[in-house]
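>>> whatever this is, show me its structure:
(2 chains)
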Protein chains: 2
Amino acid sequence: MRKRILEILRKNTSEAVSGEEISNILGVSRTAIWKHIQALKNEGYEIESVAKKGYVLKSVTNKMRPEEIAAKLKSKYFGHKVYYLDSVKSTNEFAKTIAGENFENGTIVVAEEQTGGKGRLSRGWYSPHSHGIWFSVMLKPPFLPQEASKCTLLAAVAVVKAINKYKGVNAVIKWPNDILLNGKKLVGILTEMSAEFGKINYVIIGTGINVSVPKEILSEELKPLSVSIADCAKEKIDRVDLLTDILKNMEDLYEIAIKDSFQPILEEWKKYTNTLNQEVKVLAPDETYYGKAIDIDEDGLLVVKKEDGTVVKVLAGDVSVRPATAEGRNYQ
Amino acid sequence: MRKRILEILRKNTSEAVSGEEISNILGVSRTAIWKHIQALKNEGYEIESVAKKGYVLKSVTNKMRPEEIAAKLKSKYFGHKVYYLDSVKSTNEFAKTIAGENFENGTIVVAEEQTGGKGRLSRGWYSPHSHGIWFSVMLKPPFLPQEASKCTLLAAVAVVKAINKYKGVNAVIKWPNDILLNGKKLVGILTEMSAEFGKINYVIIGTGINVSVPKEILSEELKPLSVSIADCAKEKIDRVDLLTDILKNMEDLYEIAIKDSFQPILEEWKKYTNTLNQEVKVLAPDETYYGKAIDIDEDGLLVVKKEDGTVVKVLAGDVSVRPATAEGRNYQ
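Here you go, the predicted model:
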C-alpha cells in the first residue's frame, strides 16, 4: 500500500494530490491514507501536507529502501528481489542463511549498516550506518566451481565502472578485486561460493563501498587508510543511483560471461587495474618476494615475474603495488 | 567417565573387575559406577555382573559410538573429533552448521540414521538406522577452490580400497565418485565446498555406505537398485572397523595430495574405475550422446570421445557405462 501511495506521489511532484484522490484510486479510507503518509514520513520521506490541496512529495528517503531501488532499477533481474535491513552483522552472512532455500537469481541483500562486515581473508570491513553501500548479490551461475573466480573479477569491473562515472573520481582495481582511490581502499569485494563436484550451489558477491564515511567517526588506525567517493567526487552521490548502476553493469557482464565469453571482461579488468606491469611485493603464506605483475590468467590468478626471472602464479597471498611516484621500496 | 570405565573393562575382558576396584581407580562411589554401567548397557554394551566378582565386558555396542571409533582409530587426525548422532537429517547438513566455527581438520560427523540423506545433484540417499555408515569428514585443505575435486576423487579411492578388503567384494568406482557393486550403487559420496577467491573455507566429504540394508525394508522402487556389502561379503562386517579403515586411507591419500602430488591418487582412481575405456552414454543438461570414456583430467572431468570422433569433457551431466556383457544399448 505504501509503495502504491509513493508511486502516485512520485508521478505528481509538481502539485499536491489530495487524500481523497488517493483514497479513490486505492479504494481505502482517507484515514488509512493519512496513517500511511505518517509512516512514510517516519521512514525518511519528506511529504508536505498542503492545506485543502493534499500531499506533495518533496524529497524521497535517503535510505536504500526496496521501493527506491525498484523505482530506479535498470537491470532485468539483478536486484528485483531485495532483502532490506537497517542493520545486520554482514550481508554475506545473511545471504548465506537464506541461500539454502530456493532464491531468485540476482536477489540482493542491502543493509544501512553492518556491525561485523567481512572482507577477504577474514578481515573486517567498517560499515557505518547510511554512509556506504553494503550489499550482497546472490547468484546461481551455470559455471563449474573451477570458474567461480569469474564472478569476483566481473564484480570488480561492474563496480569501478559505475564509480568512475562521478566527476573527479578515478578509481582503479587492485588485484584481485579491491578498488582503490588515491591509493586507499575504497571498495572491498568478498565473493563466497558453495559448490559440489561439477555444480555451483550459489555464489554470493558481497560489496562494501565507502560513499561518504565522515573522517571524524573513524578510529585513529583507520583514519589514514580510509577513503570515500565523496572525498573526490565533484557532484552529489545518490546511493540508490549508484547501486542500481552497479546492478545493471554486473548483470550485463554476467550475461556476457555465461552466454558469450569471459575474454571481454578480462580485457575490461585489465583496463581498470593498477596492478599489471607494475612492480609488486607478494606476501605469500610461506615467503615474501618482489617482482613484476605481467598478466592475469583465466582463473584470475596473477602472473608475476620474480626478480630472479622465474614466472609464478600468485594464488592466495597479499599483493602490494609500488606506485610510480614512490621512492625505494614503498608499496601500497 | 563412561569412556574411562569402558577403557578399564576393555583391558580386562577375560576376568571380572570389581566395582570397588573401578571406584578406587576413578575416585567415585560404587553407586556412581553402577549407574554408569546401567547407562552403558542401555547404549548397547553387554556387561555381565558376576556375583562377588564384579563386571565383565562381554561385547561392545554395535553402535558407532565415539568411544568405539577412538578405540580402533589408526589415523593421525582424521576422526579424532567425532560428532555422533543417533538420527540426523543429513550428516553433511549438520557438518555445514558447525563449519562456520573453527573446527579441527578431520572432524567427522557420524549418524546411525539419516532422515534426509542427500546425494549428488540433489538426489536422496536412503540411510536406515544401523544398516550403513553415514558420515561426513570436515576438512580445510590448503588447495585452491579450483582443486577441490581432488577431495572427491581421493574419497572414492579411500572408500573402495577399504570395502574391497572384504572377501567376496569387488566394488568399482563409477565416474566421478559413485561406488558400484554388481552394477548397483553401493556408496554415494557428496563433496561440498565453501570457498572465497583463492581460499577454501571448508570441504565436507559426505559418504553413505550400505553395509547391510535388509531387502525387506526397501521400497519396491529401490529394491532392484540397492545393494549392500553384506550381499557379497564372505565375512562379518564391523562398521567401526570399516569406518576407521576408510579414515586411515583417506588421511593417507589426503597427505599425499597436499604434500606431494595428485598423480598417484589419479592413478589409483583409474585402477578402480569401471568407466574408462568403456562405451558411455552421457546425459548432459542440453543433449544426450554416446561415446567412449578415454581419460580423466586433473580437475576430475571425464574425457569422452564422441561417436563422431570429437573429444569433449564431461562437466556435470550423468554418465552411464555399458557393461561388457550387455547387448545393444543397455547402459547402467
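>>> what residues does chain A put near chain B?
Residues of chain A lying near chain B by CB under 8 Å from any CB of the partner chain: A:120-121, A:144-146, A:148-149, A:152, A:176-177, A:190-199, A:201, A:299-300, A:315-316. Heads up, the C-betas are built off the backbone N, CA and C, glycines and all.
>>> ok, what's across the strand from the residue nearest to residue A:155 when sequence neighbours are not counted?
Counting by CB to CB, 6 or more residues apart in numbering or on different chains, residue A:155 lies nearest to residue A:205, which is 4.7 Å off, once chain neighbours are set aside. Under the criterion DSSP bridges, residue A:205 forms beta bridges with residue A:137, residue A:191.
>>> so residue A:205 sits right up against residue A:191, yeah?
Yes. Residue A:205 lies in contact with residue A:191 (CB atoms under 8 Å); the separation is 5.1 Å.
>>> anything in contact with each of these two?
Shared between the contact lists of residue A:205 and residue A:191 (criterion: CB atoms under 8 Å, 6 or more residues apart in numbering or on different chains) are residues A:151-152, A:155.
>>> neighbour count and pLDDT added to those, as JSON lines?
JSON lines is the format used below for these (neighbours: other CB atoms under 10 Å in any protein chain shown; pLDDT from 0 to 100):
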{"residue": "A:151", "neighbour count": "28", "pLDDT": "94"}
{"residue": "A:152", "neighbour count": "23", "pLDDT": "92"}
{"residue": "A:155", "neighbour count": "27", "pLDDT": "97"}
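>>> now the helices for the stretch 201-332 of chain A?
A:239-259, A:263-272 (DSSP state H, counting those that start in this stretch).
>>> I'd like the average pLDDT over stretch A:281-301.
Averaged across stretch A:281-301, pLDDT comes to 87.
>>> any idea how far apart the tips of it sit?
Distances were taken as CA to CA, to the nearest Å; on that basis the terminal residues of stretch A:281-301 are 15 Å apart.
>>> buried residues in that stretch?
Of the residues in stretch A:281-301, those buried under the neighbour-count criterion (16 or more other CB atoms under 10 Å in any protein chain shown) are A:281-282, A:289-293, A:296, A:299-301.
>>> if we can go back for a sec, return the subset of the residues of chain A next to chain B lying in strands.
Applying DSSP state E to the residues of chain A next to chain B, the entries found in strands are A:190-196, A:199, A:201.
>>> closest to chain B out of the shared contacts of residue A:205 and residue A:191?
The shortest distance between chain B and any of the shared contacts of residue A:205 and residue A:191, using CB to the nearest CB, involves residue A:152 and amounts to 4.6 Å.
>>> mind giving me the domain split of chain A?
Taking automatic domain parsing as the domain assignment, the ranges for chain A are A:2-59, A:66-272, A:279-321.
>>> would you list those in JSON lines and tack on distance to residue B:8?
JSON lines is the format used below for the domains of chain A (distance: least, CB to CB, whole Å):
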{"stretch": "domain A:2-59", "distance to residue B:8": "68"}
{"stretch": "domain A:66-272", "distance to residue B:8": "44"}
{"stretch": "domain A:279-321", "distance to residue B:8": "45"}
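>>> and those domains: which comes nearest residue B:67?
Shortest distance between residue B:67 and the domains of chain A, using CB to CB, is found for domain A:66-272: 32.3 Å.
>>> ends of that closest one, how far apart?
Domain A:66-272 has an end-to-end distance of 31 Å (CA to CA).
>>> residue farthest from the centroid of chain A?
For chain A, the C-alpha lying farthest from the average C-alpha position belongs to residue A:52; by CA atoms, centre = their mean, that distance is 43.6 Å.
>>> most tightly packed of the helices of the stretch 201-332 of chain A?
helix A:239-259 (a mean of 21; mean count of other CB atoms under 10 Å in any protein chain shown).
>>> distance from it to the middle of the chain?
On the basis of CA atoms, centre = their mean, to the nearest Å, helix A:239-259 is displaced by 10 Å from the centre of the chain it belongs to.
>>> redo the ones in strands among the residues of chain A next to chain B as JSON lines? Include pLDDT.
As requested, these are exported to JSON lines (pLDDT from 0 to 100):
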{"residue": "A:190", "pLDDT": "92"}
{"residue": "A:191", "pLDDT": "93"}
{"residue": "A:192", "pLDDT": "94"}
{"residue": "A:193", "pLDDT": "94"}
{"residue": "A:194", "pLDDT": "94"}
{"residue": "A:195", "pLDDT": "93"}
{"residue": "A:196", "pLDDT": "89"}
{"residue": "A:199", "pLDDT": "87"}
{"residue": "A:201", "pLDDT": "92"}
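>>> now, of the residues you listed, which are buried?
By the neighbour-count criterion of 16+ other CB under 10 Å, those include these buried positions: A:190-196, A:199, A:201.
>>> closest to residue B:235 among those?
With CB to CB as the yardstick, the closest approach to residue B:235 among those comes from residue A:196, at 34.0 Å.
>>> so the closest one touches residue B:189, yeah?
No. Here residue A:196 does not reach residue B:189: they are 10.0 Å apart, not a contact under CB under 8 Å.
>>> name the residue of the stretch 151-300 of chain A that lies nearest to chain B.
As assessed by CB to the nearest CB, chain B sits closest to residue A:198 within the stretch 151-300 of chain A, at 3.9 Å.
>>> repeat for the stretch 1-150 of chain A
Among all residues of the stretch 1-150 of chain A, residue A:146 sits closest to chain B, at 4.7 Å; criterion: CB to the nearest CB.
>>> how about the nearest residue to that residue, chain neighbours excluded?
On the basis of CB to CB, 6+ apart, the spatially nearest residue to residue A:146 that is not a chain neighbour turns out to be residue B:146, at 4.7 Å.
>>> give the contact list for the one you found.
Contact criterion CB under 8 Å, 6+ apart gives A:145-146, A:149, A:299, B:299 as the residues in contact with residue B:146.
>>> farthest-separated two in the residues you listed?
Of all pairs drawn from the contacts of residue B:146, the greatest distance, 14.1 Å, lies between A:149 and B:299 (CB to CB).
>>> ok, and the closest non-adjacent residue to residue A:44?
Taking CB to CB, 6+ apart, and ignoring the residues beside it in sequence, residue A:44 has residue A:61 as its nearest neighbour in space, at 3.3 Å.
>>> skipping adjacent residues, who's closest to residue A:314 in space?
Residue nearest to residue A:314 in three dimensions, not counting chain neighbours: residue A:302, with 4.2 Å by CB to CB, 6+ apart.
>>> that neighbour contacts residue A:174, doesn't it?
No. Judged on CB under 8 Å, residue A:302 makes no contact with residue A:174 at a distance of 10.4 Å.
>>> who touches both of these two?
Contact criterion CB under 8 Å, 6+ apart; residues bridging residue A:302 and residue A:174 by contacting each: A:275, A:319.
>>> which one's more surrounded, these two?
For residue A:302 versus residue A:174, the count of surrounding residues by other CB atoms under 10 Å in any protein chain shown is larger for residue A:302: 24 against 21.
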